[in-house]
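Asker: return atomic coordinates for the entry below.
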Amino acid sequence: MQRQFLSSSALALLLAASPALAAPLAQTPPTPPADGTDGHVDSAHPTGTPDDAGHAPIVVTGRLISGDRDVIVAPVVLTGEDLARNTQPQIGAMLARLPGVSTSGFAPGASRPVLRGFDGPRVQVLTDGLGSLDASSVSADHGVALDTLNIDRIDVLHGPEVLLYAADPAGGAVNAIDKRIPRRVPDKPVELTAQGSYGTAANSVNVGGAMDVALAPRFVAHLDASYNHADNLRIGGNVLSPQLRADTLTSAAELASDGDTEGAASLTQQANARGRLANSFARGSTLGAGVAFIDAGGSLGISVSRLTSDYGIPPRPEAGSGDPVSISLRQTRYDIRGSLNLNGFFDKLEFRGAYGDYTHAEIEGGVAGTRFFNKSIETRLELVQARHGGWRGETGIQYGSRDLRVVGDERLIPDNLTDRFAVFTRQQLSVGTFDLEASGRYEHTSVKARPNGITRDFNQLAAGLGLAWHPVESLTISLSGSHGERAPSAEELFIDGIHDATQSYESGNPAFRKERSNTVEAGVRYHADRFAGAVTAYATDFKDFIAPVPTGADVEGFPVYQFIQGDAKFRGVEAEGSVKALDWGDRSVSLDGGVDYVHAQLTGIGPAPRIPPLRVRGGAEYNSDRFSLRGEVIHNAAQSRVAANENPTSAFTLVNASATWRPMGKDGALSLILSGDNLLNVEGRLATSETRDFVPIAGRDVRVTVSLRI
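Answerer: Numbers count the residues shown, from 1 in each chain. You can find the predicted model right below:
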């Protein structure tokens, strides 16, 4: 597979580099824009500036609801100081405050984004348009192999735009734009960025730095490194939920009556545990390097990175002293990115490729048990059309292959190979006060289990249409519809056995059909000098929806989760807004708020599992060139609409605050951030988490962050 990646990358390298290398050496490359892009807007690297039709972006408390790239279903973007303030080693925890976003919250070291109630293989987690090339979608206990300290911005995508990356747009995508392959030559010989933070909830330390060096007028090198370390997490109350605590105390009483005093004492101690979450440590590091050639004719860059992550899995209560389980994760990744500027109908040819060599071991009692080996390749070639009047678009092909091998006693899934090939296009047309968009994707997926030779092939067709109307410059009214199809993952098809890390018995079905969805989404976005806001409502109907449902049975004390297939309906709404209440000179006071809600039903069965409850947020912020102060309250309602054999979650309210000091001014090199999360130290549990009954949210966390750019 690595030879295949290298050969395809070499071909693309020659195609992209030859015209640029033919340019006279004396030619001076154009000055790049201040936003760090090469001057061309594309789907993987949006600029956040107004588009050619003049639609300005909307900024709501540091999150960009942007109309520059897709005015139909605008992405939500995390960038700037908000990105620095929210940086966490796991991207799920990092995005959890954004509208419509929650987190799987399996453990502090394993946290994937949950978008509108969707998680796992339905949510694409991308690095610069390519997959994370790990095993995080295989199981909730697997962390995402992504360096969160090496990111410039994160886009949360919904609607037809997701068809650029997957044939199932219902779940959405998270695209982290990294900086490992430089996009511009620095204005000075060396540019340095660094960030460090310390948090009290787990004595966590996160530090990272990057350096870009101008080797020559058209060559730039990049080097980065990061380190994170966290002890066991402090929490605001009991470790166990009221339901699990009561069950554990009942089991302890039964053991005591049977004469097992040691087992009863152990269970009682676990039932009464408070204040600290056992075996929740996390530590990791990254090291990366890249080099790029950037010319007026295009660019070509390569990079290599190494990521390590070791983290504990908090234990479910059990009699006796079971050995703690932890994960040791490693990934080496190679990336290539090239672009060729064209003159004609097409404006640019872009190529992206990556190869990932990933392993992780599930360690119990200090001994490595089951090991996962995953070798993945992903490539995409895309033609970006030049704008012709109000018409623009992009068309491309994508190929990906994942070879997963499992070794050890807990071999609950056979070795398997998944291949994907896709052709996609997106076309956009501006006519007066209207914007039209059409997207389409054909994808072929092949899933092969070894050594039994079972192969499942799926052909997926997906399409999306959208319309946006701008009756006045400050207002956008949009409507979109999409049809998606998703092939079952190898895990959904073939998994069968006890999984110690998730502490459950999981069972799939090799006869599953492809999953089909139809989504309608409507939105209103408004922006003016003193107010900006957006409201989105969506509805998705599924045919043959695949979901793991707790059956209530257990195998060797582990709860059984059975993957089933049937129809499902998801309905939801998201809204947020910000108003500038006071404004004098360079200082202002803004008020903001937001709400999101998902209602999900498995037809003929009941509520879908692990759906986030109603969430309401309100905040106030003072801003000046040198200082920012922010306070916010986030209320998470109780979630009583749970799947059979799931426990409901109680409501909880978070009070957060932060202060930012820029001693050199707004555009200065240094920012100092003092933030406090969950200041009231409340106990809370995420309805989206498989482990919510014994993994509560973090307690009070006071964090100091230093960000430097020189």
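
Asker: ok, longest strand in the protein?
Answerer: The strand that spans the most residues within the chain, counting by DSSP state E, is strand 558-584.

Asker: where does pLDDT dip in this structure?
Answerer: Scanning the chain for pLDDT under 70 picks out the ranges 1-70, 320-321, 500-501.

Asker: where do the helices of it begin and end?
Answerer: 2-21, 80-86, 91-95, 242-257, 261-271, 490-494 (DSSP state H).

Asker: before we move on, the earlier item: paired strands for the longest strand of the chain, with orientation please.
Answerer: strand 504-507 (parallel), strand 531-555 (antiparallel), strand 587-602 (antiparallel) (DSSP bridges).

Asker: of all these, which one comes closest to Ala167?
Answerer: In terms of Cβ to Cβ, the element of the strands paired with strand 558-584 nearest to Ala167 is strand 531-555, at 14.0 Å. Just so you know, the C-beta spots here come from the backbone N, C-alpha and C atoms, and that holds for glycine as well.

Asker: pull the distance from that closest one to the chain's centre.
Answerer: 17 Å (Cα atoms, centre = their mean, to the nearest Å).

Asker: flag every buried residue along it.
Answerer: Within strand 531-555, the residues scored as buried using 16 or more other Cβ atoms under 10 Å are 532-534, 536, 538, 540-550.

Asker: before we move on, the earlier item: would you reformat the strands paired with strand 558-584 as a markdown table and include distance to Gly259?
Answerer: Converted to a markdown table, these look like this (distance: least, Cβ to Cβ, whole Å):
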| stretch | distance to Gly259 |
| --- | --- |
| strand 504-507 | 29 |
| strand 531-555 | 24 |
| strand 587-602 | 44 |
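
Asker: ends of stretch 74-85, what's the gap?
Answerer: 23 Å (Cα to Cα, to the nearest Å).

Asker: now the strands for the stretch 51-200 of the chain?
Answerer: 58-60, 63-65, 76-79, 101-103, 113-115, 124-127, 130-131, 151-157, 173-178, 190-199 (DSSP state E, counting those that start in this stretch).

Asker: and these: which comes nearest Val325?
Answerer: Closest among the strands of the stretch 51-200 of the chain, once you apply Cβ to Cβ, is strand 101-103, at 20.5 Å.

Asker: one step back: run the chain-centre distance for the longest strand of the chain.
Answerer: 15 Å.

Asker: neighbours around the nearest residue to Ser671 once chain neighbours are set aside, how many?
Answerer: In space, and not counting its chain neighbours, Ser671 is closest to Ser707: 4.4 Å by Cβ to Cβ, 6 or more residues apart in numbering. Ser707: 22 surrounding residues under other Cβ atoms under 10 Å.

Asker: what does the one 3 residues further on give?
Answerer: Using other Cβ under 10 Å, the number of residues around Ile710 comes to 11.

Asker: my read is that it contacts Pro189, right?
Answerer: No - if you go by Cβ atoms under 8 Å, Ile710 and Pro189 don't touch, sitting 11.9 Å apart.

Asker: returning to what we had before: winner for burial among the strands of the stretch 51-200 of the chain?
Answerer: strand 113-115 (a mean of 28; mean count of other Cβ atoms under 10 Å).

Asker: run a quick neighbour tally on Arg387.
Answerer: Arg387, neighbours per other Cβ under 10 Å, totals 16.

Asker: start the count at 33 instead of 1 going forward.
Answerer: New numbering, starting at 33: the last item is Arg419.

Asker: if we can go back for a sec, what pairs with the residue nearest to Ser703 across the strands?
Answerer: On the basis of DSSP bridges, Ser739 is bridged to Gln227, Ser703.

Asker: how far off centre is stretch 572-589?
Answerer: Using Cα atoms, centre = their mean, the mean C-alpha position of stretch 572-589 is found 23 Å from that of the whole chain.

Asker: how far does stretch 235-253 sit from the chain's center?
Answerer: Counting by Cα atoms, centre = their mean, stretch 235-253 is centred 23 Å from the centre of its parent chain.

Asker: how about the CA coordinates for that stretch, as CSV?
Answerer: Taking C-alpha atoms only, stretch 235-253 is exported to CSV below (Å, rounded to 0.1, in the frame of the first residue of the first chain):
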residue,chain,number,x,y,z
ASN,A,235,-2.9,19.1,36.2
SER,A,236,-2.8,19.1,32.5
VAL,A,237,0.1,20.6,30.5
ASN,A,238,-0.3,21.2,26.7
VAL,A,239,2.6,22.9,24.9
GLY,A,240,3.4,23.2,21.2
GLY,A,241,5.5,25.2,18.8
ALA,A,242,6.1,25.5,15.1
MET,A,243,8.7,27.2,12.9
ASP,A,244,8.5,28.2,9.3
VAL,A,245,11.9,29.0,7.6
ALA,A,246,12.2,30.7,4.2
LEU,A,247,15.0,28.6,2.6
ALA,A,248,14.9,30.5,-0.7
PRO,A,249,12.5,32.9,-2.5
ARG,A,250,10.2,29.9,-3.4
PHE,A,251,11.1,27.3,-0.8
VAL,A,252,9.9,27.1,2.8
ALA,A,253,10.5,24.5,5.5
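
Asker: buried ones in it?
Answerer: Neighbour count says stretch 235-253 has 236, 238-246, 250-253 buried, by 16+ other Cβ under 10 Å.

Asker: pipe those residues into a markdown table and attach distance to Glu350 per row.
Answerer: A markdown table is the format used below for those (distance: Cβ to Cβ, whole Å):
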| residue | distance to Glu350 |
| --- | --- |
| Ser236 | 28 |
| Asn238 | 33 |
| Val239 | 37 |
| Gly240 | 38 |
| Gly241 | 43 |
| Ala242 | 44 |
| Met243 | 48 |
| Asp244 | 51 |
| Val245 | 54 |
| Ala246 | 58 |
| Arg250 | 61 |
| Phe251 | 58 |
| Val252 | 54 |
| Ala253 | 52 |
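
Asker: quick check, nearest of the residues you listed to His631?
Answerer: Closest to His631 out of these is Ser236 (35.4 Å), distances taken as Cβ to Cβ.

Asker: how about that closest one, nearest residue that isn't a chain neighbour?
Answerer: Of all residues not flanking Ser236 in the chain, Ala262 sits nearest, at 3.9 Å (Cβ to Cβ, 6+ apart).

Asker: repeat that for Asp618.
Answerer: Asp657 (5.0 Å).

Asker: list the residues that contact that neighbour.
Answerer: Residues in contact with Asp657 (Cβ atoms under 8 Å, 6 or more residues apart in numbering) are Asp618, Arg694, Gly697, Lys698.

Asker: please report which of these has the highest neighbour count.
Answerer: Among the contacts of Asp657, the one with the most neighbours (other Cβ under 10 Å) is Arg694, at 20 neighbours.

Asker: quick check: that residue touching Ser703?
Answerer: Yes - between Arg694 and Ser703 there is a contact at 5.3 Å, judged by Cβ under 8 Å.
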